[in-house]
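1. Mind looking at a prediction? Sequence and model below.
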Amino acid sequence: MESIKARKPITSIKPRVAIISTKIGSLAGTERIVGREHSRIRLRILVRDGAACVKCGKGVNLVVDHIVPLFRGGVEGDENRQLLCSDPCHRLKSEQEERERGNQTG
Ligand SMILES: [Zn+2]
């Protein structure tokens, strides 16, 4: 006679792994960045760069920075974006860019 097997309650639930595609098609060009799109870009760069400043590796107060600033002909595309901590890396870079911008009027 077969004994009734007691059903085991589900005890192990595998955590859902969020797979975020970081492979972005060629978005180079002049796309207009507004609102929701901007936060999507931020998330994309955050994932791509490992949620850490690309210069010092800090993982707090991160901002998306244009590697080549737009005023110097930089493009609005992920290849021209990087993750920096707001201080000191982005602050120092901005200060330098401000100086450069001041020098080249026109
Ligand atoms: Zn940094």
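-> Yep, it's here. Residues are numbered from 1 along each chain as shown.
2. Just the element for Lys93, please.
-> Assessed by DSSP states H and E, Lys93 sits inside helix 91-103.
3. do the same with Val63
-> strand 62-66.
4. Briefly note if the helix holding Lys93 comes near the ion.
-> No: with CB under 5 Å from the ion as the criterion, the ion is not reached by helix 91-103; the gap is at least 9.0 Å. In this view, the C-beta of every residue, glycine as well, is placed from N, C-alpha and C.
5. Tell me the residues of the chain that contact the ion?
-> Near the ion, when you scan the chain using CB under 5 Å from the ion, you find Cys53, Lys55, Cys56, Lys58, Cys85, Cys89.
6. Reformat the residues you listed into JSON lines and put pLDDT, distance to Asn103 and secondary structure next to each item.
-> Formatted as JSON lines, these follow (pLDDT from 0 to 100; distance: CB to CB, whole Å; DSSP: H, G, I helix; E, B strand; the rest coil):
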{"residue": "Cys53", "pLDDT": "98", "distance to Asn103": "27", "secondary structure": "coil"}
{"residue": "Lys55", "pLDDT": "98", "distance to Asn103": "23", "secondary structure": "coil"}
{"residue": "Cys56", "pLDDT": "98", "distance to Asn103": "27", "secondary structure": "coil"}
{"residue": "Lys58", "pLDDT": "97", "distance to Asn103": "30", "secondary structure": "coil"}
{"residue": "Cys85", "pLDDT": "98", "distance to Asn103": "26", "secondary structure": "strand"}
{"residue": "Cys89", "pLDDT": "98", "distance to Asn103": "22", "secondary structure": "helix"}
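7. ok, back up a step: identify each buried residue in the helix holding Lys93, please.
-> Within helix 91-103, the residues scored as buried using 16 or more other CB atoms under 10 Å are Lys93, Glu97.
8. could you give the mean pLDDT of it?
-> For helix 91-103, mean pLDDT is 92.
9. What angle do strand 62-66 and that helix make with each other?
-> 30 degrees (axes from the mean of the first three to the mean of the last three CA atoms, to 10 degrees).
10. Can you tell me what sits against helix 91-103?
-> Identification of contacts with helix 91-103 by CB atoms under 8 Å, 6 or more residues apart in numbering yields Asp65, Pro69, Phe71, Arg72, Leu84.
11. I'm done for today, thanks for sticking with me.
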